[in-house]
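Chemist: Need coordinates for the below:
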Amino acid sequence: FGSQNERDVKKLKPIVAAVNAKEEWAKSLADDDFPKQTQIFKERLAKGESLDDILPEAFAVAREAAFRVRGERAYDVQVMGSIVLHQGKITEMKTGEGKTLVAVAPSYLNALTGKGVHVVTVNDYLAERDAETMRPVFSFLGVTVGKILSNMDNAVRKMNYNCDITYGTNNEFGFDYLRDNMVNDMSMKVQRGFNYCIVDEIDSILIDEARTPLIISGQGDDDTFKFYEVDKYVGLFEEMEKDPKTQDYPDEVEMLPEERAALKGDYKIDEKSKRVSFTNKGMNKIDEILHAHNLIEPNTTVFDEQNFEWVHYFTQAIRAHVLYEKDVEYVVRDGKVEIVDEFTGRILEGRRYSDGLHQAIEAKEHVRIAQRNRTMATVTFQNFFRMYDKLSGMTGTAATEAVEFSKIYKLDCVVIPTNKPVARIDENDEVYLNESDKWNAIAKEIEEAHKKGQPVLVGTVSVEKSEHLSNLLTRKGIPHEVLNAKNHAREALIIAEAGAKGAVTVATNMAGRGTDIKLGGSPEMRARKRCGTDATPEQYESALKIERENWQKDYEEVKNLGGLYVIGSERHESRRIDNQLRGRSGRQGDPGRSKFFISMDDDLMRLFGGDRMKNIMTRIGMQPGEPIDHPWLNKGIANAQKKVEERNFEIRKNLIDYDDVLNEQREFIYQQRDEILTDEDLAERITD
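Modeler: A predicted model of the protein is given here:
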C-alpha cells in the first residue's frame, strides 16, 4: 500500500500538474495584468467560488510574479510544499530547499479573502528579512505586506496588521493579543482576528517553546530583602549522601527513628526535573536560622502557616546555587541576569524565571534584585496558535514529532521529497570515555579538515562550551568565528560565510537558523562587504557580478573537498535538533558529511544510564583517549533521546490539559470584556 506519506505526496501530484498547466497562461500576462488578476480572483471568491477552485491559477500567477521580480521559479517540490501549507498541514522540507519562497503562493491565495494572513518567524531579524525580500513580489501582485517588530508603537502596529500579509515573531503576535485584551477602548486594539497562519520553523515555536507562557505583568509585593537574607545562609546546607550501591538517596520513610537521626545532609536534588526538597534535618536547620536571626516571631516555628513561605525562599536559593550555572543556563550582562535559551543558545531578552527563582539567582550573583511581579495576562503558545481558523507550518525536521503535532494541534505532517537527492554522508557517532578526550578529538578533527581547506561547522550545546572549544582552537592557531548568544547582529553574516574554503565556525545549536549556507561562501555578503553600507544600487550590482564570478570557482573547489563538514559536540535531548544541525550540510544535492562526538560525561548520557555504561566500558578495557563507534551505541543513544522526548511530550501534554481549563476562562472573560466595550447602553447592562 505504500506509507501514509507516499500516499499524501501522490495526492498532491495532480494539483501540481494543474498549476503547471496554467503556467503558459500566466507567462502570457503583461506586468500590469497581475494586480487586475488579483481583483478578478477576489470577485470570483465573492461570487461563491472556493479557494481550492482558484488555487491552480492563483499559484501559477504567484509563481510567475516571483520569477519576474526575483528571478526565482518555484520547483515542483516547492509548489507541492505550498499546497500542503494551504491545506493547513505541516510541510517538512530539508534545509536549503527554499522555504521562504514556498510561503509566497499560499500567503497570496489566502490573502484574497481579505481576512489577513500571518507569517510567523523565530526572530525579528528573519521577520524583517523575509518581509523585505518578498514585498516586491507581493506588490507586483497588488497585495500589501506589513511587518511587526518589537520597537513599533500601536498606531504603526495597527497599520501593519491591516495589511493583507503580516510578517512577525511569535512573541509579538502573542503579546499584541494579550495587550488588545487589556485596552479600555475598542479603537485601541491593533489586531483584527486570526484567520490563517504560516509558522516558519514550526517545531521550534510549537514544541521547543510550547511550555513558555507569554506573561504581561505589573508590580507585586516587595520581598527583595528576604532573598538577600536567605542567600547569606546557603553555605550552611549540605546535600544528603547517596547510597554508594544504588546511587540513590536512602528512603527516610522506611527507616527506624535512630537511623533517621544518624542521616547526614539537609536536602535532596532531582537533577532531571531541577527540583530540590529538604529532609527533616534541613527543615529543622531552616527553623534554627530563622530564630537565630530574628526573622520570625520567637514563639512560632517555620511549620506555622505565616512562616512557611520562608521554606520557599530557601528552596529557590539552593536551586539557584546548585542547579543553575552561570554561562550555561544564564549570563550576567550589564548588571542583569539574563536567561540563555537551552535550544538556541540565544539570550531570551526580557524573560525572567518565575516563582522567585530569578530573584534567587540575582542574590547569588550579587546584582540588584528586581521586584517580584504580579501576572496581569498570560497565554501559552500552544493555546495562542490554536485560535487560528487555519494553521500551517514548515520546517526541516518535524517527522520525529508527528505524533505530538497531530495529538495537540490536529496538524498532519507531509514530508516533501528534495529537489535533488541528498548526498551528505552521516557517519557513526564516536564515543569517548571522558569529556576532555572528546574535546581534544574534536579539535584534532577540525585541524585536519582545516588543513585541507574543507569548511567546518561545529554545533555546541551552550555558550560556555562554545567558548571552551574556541580557546582550544586558538591554542592550535586555527582562525575561526564563534556564534553564540553574545553576538546576535553579525550572526547572519558569519553563518552565510560558513561554507567558504577553510572557514571554521563554532556555533550554539540553532545560531543562524533560517540563513542559507552556500558552499564557497556567499557572493551577496561579500559584495556588501566590498562596497560598504552607503553604496548605490548600481555599485552593489557591479560588485555582486564580480563576486559571483569568483564564487563559482570557490564553489567547485569546496565541492571537490567534500562540502561542508558538520560536527556535533554532543547529542541533544531531542533527535530533531541533531537532525537540524546535520541538515545545515548537503543542501540542494551538494556533498557534505556529518559526525557527532560524544563522551560518557555528557548530560544526556549521564542522566540516562551513563554511569553504568561508563563502568562497563572501563571493565571491558576501554582506555581514556581511544574512541569507540558501534551501531549498538547509536541505537542506545537514540533510545535515550526517545525517552527524553517522550517525557517532554508528557509534560507538554499535561500542561495543555491544565491550560485548557484556564483557556476556557480566558476566552469567556475576554468575550465579556469585548461586549462591555462595544455596549451602547452600559447602565442597563449593570442593572441586569
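
Chemist: So which helix or strand of the protein has the lowest pLDDT on average?
Modeler: Every helix and strand in the chain was compared by mean pLDDT, DSSP states H and E; the lowest is helix 610-619, with a mean of 72.

Chemist: Could you identify the helix or strand that succeeds the helix or strand hosting F668?
Modeler: Assigned by DSSP states H and E, F668 belongs to helix 631-678. Secondary structure here is assigned by DSSP H and E; on that basis, the next helix or strand after helix 631-678 toward the C-terminus is helix 682-687.

Chemist: Enumerate every residue touching E297.
Modeler: N307 (Cβ atoms under 8 Å, 6 or more residues apart in numbering). In this view, the C-beta of every residue, glycine as well, is placed from N, C-alpha and C.

Chemist: Run a quick neighbour tally on L51.
Modeler: L51 is flanked by 17 other residues according to other Cβ atoms under 10 Å.

Chemist: tell me the pLDDT at G2?
Modeler: What the model reports as pLDDT for G2 is 65.

Chemist: Give me the angle between the least confident helix or strand of the chain and helix 631-678.
Modeler: 170 degrees (axes from the mean of the first three to the mean of the last three Cα atoms, to 10 degrees).

Chemist: what about A500, which SS state?
Modeler: Applying DSSP: H, G, I helix; E, B strand; the rest coil to A500 yields a three-state assignment of coil.

Chemist: Now that it has come up, it's in contact with Q454, right?
Modeler: No - under the criterion of Cβ atoms under 8 Å, A500 is not in contact with Q454, lying 10.9 Å apart.

Chemist: Skip the chain neighbours and tell me the closest residue to I215.
Modeler: Using Cβ to Cβ, 6 or more residues apart in numbering and skipping residues adjacent in sequence, the residue nearest I215 is T378, 4.6 Å away.

Chemist: Now for that neighbour, how many residues are close by?
Modeler: Residues within reach of T378, counting by other Cβ under 10 Å, total 16.

Chemist: Now find how far off-centre stretch 292-302 is within its chain.
Modeler: Here the centre of mass of C-alpha atoms in stretch 292-302, compared against the chain's by Cα atoms, centre = their mean, to the nearest Å, lies 46 Å away.

Chemist: Kindly report the same for stretch 529-538.
Modeler: The gap between where stretch 529-538 is centred and where its chain is centred comes out at 33 Å by Cα atoms, centre = their mean.

Chemist: quick one: buried residues of it?
Modeler: C531 (16 or more other Cβ atoms under 10 Å).

Chemist: Stretch 278-296 now?
Modeler: If you call a residue buried by 16+ other Cβ under 10 Å, then stretch 278-296 has these buried ones: F278, T279, K281, G282, M283, K285, I286, D287, I289, L290, L295, I296.

Chemist: Any idea what K390 is bridged to?
Modeler: For K390, the residues forming beta bridges with it (DSSP bridges) are Y196.

Chemist: So L214: helix, strand or coil?
Modeler: Reducing the assignment to helix, strand or coil with three-state DSSP, the entry for L214 is strand.

Chemist: Can you get me a residue count around the closest residue to it other than its chain neighbours?
Modeler: Nearest non-adjacent residue to L214, counting by Cβ to Cβ, 6+ apart: G174, 4.3 Å away. Using other Cβ under 10 Å, G174 has 23 other residues around it.

Chemist: ok, G174 touching M387?
Modeler: No - when contacts are counted by Cβ under 8 Å, G174 is not listed as touching M387 (10.3 Å).

Chemist: what does the model give Q219 for pLDDT?
Modeler: On the pLDDT scale, Q219 gets 72.

Chemist: Now do the contacts for it.
Modeler: With contacts defined as Cβ under 8 Å, 6+ apart, Q219 is in contact with Q371, N373, R374.

Chemist: From P106, how far out is it?
Modeler: If you measure Q219 against P106 using Cβ to Cβ, to the nearest Å, the figure is 44 Å.

Chemist: Surely R179 is in contact with L214?
Modeler: No - taking Cβ under 8 Å as the definition, R179 is not a contact partner of L214, at 10.4 Å.

Chemist: Show me the beta-bridge partners of I347.
Modeler: When I347 is checked against DSSP bridges, its beta-bridge partners turn out to be V340.

Chemist: what's around it, how many residues?
Modeler: I347 is surrounded by 19 other residues when neighbours are defined as other Cβ under 10 Å.

Chemist: follow-up on the earlier one: ok, of the contacts of Q219, which one's closest to D208?
Modeler: Relative to D208, the closest of these is N373; by Cβ to Cβ it sits at 24.5 Å.

Chemist: Quick check: bridge partners of the closest one?
Modeler: On the basis of DSSP bridges, N373 takes part in beta bridges with Q219.

Chemist: any idea of the pLDDT on it?
Modeler: Listed pLDDT for N373 reads 71.

Chemist: Next, count neighbours for it.
Modeler: Under the neighbour criterion other Cβ under 10 Å, N373 is assigned a count of 15.

Chemist: next one: T395
Modeler: By other Cβ under 10 Å, the burial measure for T395, its neighbour count, is 25.

Chemist: cool, G98 as well?
Modeler: Counted with other Cβ under 10 Å, the burial measure for G98 works out to 18 neighbours.

Chemist: Settle this for me: it is touching V77, isn't it.
Modeler: No - here G98 does not reach V77: they are 9.3 Å apart, not a contact under Cβ under 8 Å.
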